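Undergrad: Turn this into a structure:
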Amino acid sequence: MRNRFLWIFLWFFGVLPVSAQDLTHLTPLTTADEARAWQAVGRIEVEGNGFCTGALISDRHVLTAAHCVYSQTLEAIVKPGDVVFRAGWRDGRAAAVRTARRFVVHPDYTFTGRDKVARVGSDLAVIELDLPIRDPAITPFERDASLEFGDEVMVVSYASGRAEVPSLQKLCHVLADREPVMVYSCTVAFGASGSPIFVQSDTGPRIASVISAMAQWRDRNVALGATLGDPVDRLLEELKREDPVFNGKPAKGEKTSIAQQLGRGGGERRYLLLPQIGD
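TA: The predicted structure is shown next:
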């Protein structure tokens with residue numbers, strides 16, 4: 001019993017043994033050749049709150065998780081000037097560095113929401129950079145909203161223990177489709193919030209989802225992500241307005257476990273957002 005409580009303690013504080021997340025499936029992108037195709041993925045650093053992961057979807061817009069632009073202690077959105085995006089960050093160098101000018105979050109997102117599925121399903125934000133990144137070596141990713149159960153996906157992320165080099169998991173799967181939440185077999189850890197989930201297309205990888213949380217579901221460790229589609233289009237439209245809406249609306253719904261809401265009542269034991277984490 002004592003070991004069980006220790007395991008739960010370690011889970012919540014992000015220091016699980018490596019085997020619990022099976023990090024052998026991750027490939028560190030340590031060389032320039034390995035990292036070249038993923039330069040538009042970068043580390044989002046939030047002053048006083050650590051870091052997340054994000055990806056360019058235009059020359060000045062970064063897609064990430066909404067909770068990445070919130071202060072963990074104040075439970076409020078941080079100042080844009082405190083957010084820095086380091087595209088292609090690898091071993092102390094970035095392909096480009098920009099500060100946030102402003103950002104907008106999904107209108108249904110609330111940082112302290114009790115409805116866990118609503119919180120994950122709306123955990124999307126777009127950061128507008130102070131200056132565009134117009135480097136031909138850094139190509140923003142297109143988006144794809146066609147994920148289905150069983151699809152093969154990839155993820156590129158920074159996380160605790162691998163904060164200085166991006167890691168690629170070339171093959172994981174969609175385990176369940178519970179719009180607007182997708183359940184993945186991908187390996188995630190603290191700092192991986194906002195990481196892009198990719199599908200392969202004829203024109204290269206496209207972003208289909210954004211990592212929000214990790215959980216145990218059906219007796220296995222999984223990643224949870226929000227689907228894209230219309231919400232991201234609406235966020236981009238919001239940024240075109242003079243005064244974008246920065247705060248989300250409270251989520252509605254009963255307080256139930258994420259497993260029950262995903263159609264697996266009683267099977268989920270732990271659910272945890274992947275907050276920004278310090279080095």
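Undergrad: now the closest residue to Phe141 other than its chain neighbours, what's its secondary structure?
TA: Counting by CB to CB, 6 or more residues apart in numbering, Ile207 is the residue found nearest to Phe141 once chain neighbours are left out, at 4.9 Å. Just so you know, the C-beta spots here come from the backbone N, C-alpha and C atoms, and that holds for glycine as well. Under DSSP: H, G, I helix; E, B strand; the rest coil, the three-state class of Ile207 is strand.
Undergrad: what's Ile207 in contact with, if anything?
TA: With contact taken as CB atoms under 8 Å, 6 or more residues apart in numbering, Ile207 is in contact with Ala55, Ile57, Leu63, Phe141, Glu142, Arg143, Asp144, Pro196, Ile197, Phe198, Leu228.
Undergrad: which of these are buried?
TA: Ala55, Ile57, Leu63, Phe141, Arg143, Asp144, Pro196, Ile197, Phe198, Leu228 (16 or more other CB atoms under 10 Å).
Undergrad: quick one: Asp91 and Arg162 touch, right?
TA: No. Look at Asp91 against Arg162 with CB atoms under 8 Å: they stay out of range, at 11.6 Å.
Undergrad: And the strands in this protein, which stretches?
TA: 27-28, 41-46, 50-56, 61-64, 83-87, 96-105, 125-129, 152-159, 162-178, 181-184, 196-201, 204-217, 220-227, 271-273 (DSSP state E).
Undergrad: Comparing these, which comes out most buried?
TA: strand 50-56 (a mean of 28; mean count of other CB atoms under 10 Å).
Undergrad: which helices and strands does it pack with?
TA: strand 41-46, strand 61-64, strand 152-159, strand 196-201 (3 or more CB pairs under 8 Å, 6 or more residues apart in numbering; DSSP states H and E).
Undergrad: Could you check how far Gly121 is from Thr73?
TA: Gly121 is 25 Å from Thr73, where distance means CB to CB, to the nearest Å.
Undergrad: quick one, which of these two is more surrounded?
TA: Applying other CB atoms under 10 Å to Gly121 and Thr73 shows that Gly121 carries more neighbours, namely 25 against 8.
Undergrad: ok, now which ones touch the residue nearest to that one when sequence neighbours are not counted?
TA: Closest residue in space to Gly121, ignoring its immediate chain neighbours: Pro180 at 3.5 Å, by CB to CB, 6+ apart. Residues in contact with Pro180 (CB under 8 Å, 6+ apart) are Gly121, Ser122, Ala226, Thr227, Pro231.
Undergrad: Ile133 too?
TA: Per CB under 8 Å, 6+ apart, neighbours of Ile133: Leu56, Asp59, Arg60, Ala87, Ala96, Arg98.
Undergrad: residues in contact with Pro28?
TA: So Pro28 contacts Arg162, Val165, Pro166, Ser167 (CB under 8 Å, 6+ apart).
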